[in-house]
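# quick one, structure for this:
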Amino acid sequence: MIARNTICLWFDGTALDAATFYARTFPDSAVTAVHHAPADFPSGRQGDVLTVDFTVAGIPCIGLNGGPAFRHSEAFSFQIATDDQAETDRLWEAIVGNGGEESACGWCRDKWGLSWQITPRVLSEAVTSKDPAVARRAFEAMMTMRRIDVARIEAAVRG
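Numbering: from 1, shown residues only. You can find the predicted model right below:
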């Protein structure tokens with residue numbers, strides 16, 4: 001059955017590589033189908049991989065090998081909630097260590113240009129705290145980080 005809402009991500013010939021990496025890296029992720037072009041198209045030939053159906057953390061996606069016309073930007077990102085520092089570190093290292101790059105406040109970008117927010121649940125809970133002082137301390141601590149440091153967030157929560 002085709003999902004009612006699917007995220008379509010544009011790639012320049014690398015949709016299968018990206019989808020395979022995501023499926024290997026994130027829990028509840030898989031490559032579910034690979035579709036080849038039935039004819040030549042502006043950025044490829046008949047038989048090339050045209051689209052890849054996959055899921056990322058349970059979210060249905062289609063990778064479209066549409067060519068070099070469009071690039072990913074930080075205007076779209078996947079936010080992955082993590083349970084602890086070990087999971088945060090594993091996902092961060094998987095993305096950055098595979099040709100990606102660090103950004104600020106728990107954001108990083110993979111080698112295909114897609115942005116990820118690797119966000120420990122403790123951070124999300126802290127910055128949305130009903131106690132404005134807790135939220136402010138956690139937010140200010142986060143603003144000094146690239147990869148989120150769970151212990152520093154927990155210390156900020158405690159004051």
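
# from here on, just use CA atoms for contacts and neighbour counts.
Noted.

# roughly how far apart are the residue with the largest distance to the centre of the chain and residue 16?
Taking CA atoms, centre = their mean as the measure, the residue most remote from the mean C-alpha position of the chain is residue 39, 31.4 Å away. Plainly put, residue 39 is 19 Å away from residue 16 if you go by CA to CA, to the nearest Å.

# walk me through the domains of the chain.
What automatic domain parsing lists as the domains of the chain is 1-70, 72-159.

# next, format the ones you listed as TSV and append mean pLDDT.
Formatted as TSV, the domains of the chain follow (pLDDT from 0 to 100):
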stretch	mean pLDDT
domain 1-70	96
domain 72-159	98
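
# element containing the spatially most central residue of the chain?
For the chain, the residue lying nearest the average C-alpha position, counting by CA atoms, centre = their mean, turns out to be residue 116 (3.4 Å). Applying DSSP states H and E as the criterion places residue 116 in strand 115-120.

# correct me, but the residue farthest from the centre of the chain touches residue 49?
No - taking CA atoms under 8 Å as the definition, residue 39 is not a contact partner of residue 49, at 11.1 Å.

# how about residue 153, phi and psi?
Phi and psi for residue 153, reported as degrees, to the nearest 10, are phi -70, psi -40.

# list the contacts for it?
For residue 153, the contact set (CA atoms under 8 Å, 6 or more residues apart in numbering) comprises 122-123, 126, 138, 141-142.

# try it again at 6 Å.
With contact taken as CA atoms under 6 Å, 6 or more residues apart in numbering, residue 153 is in contact with residue 138.

# quick one, strands of the chain?
With DSSP state E as the definition, the chain shows strands at residue ranges 7-11, 30-36, 49-56, 59-65, 77-82, 101-102, 107-109, 115-120.
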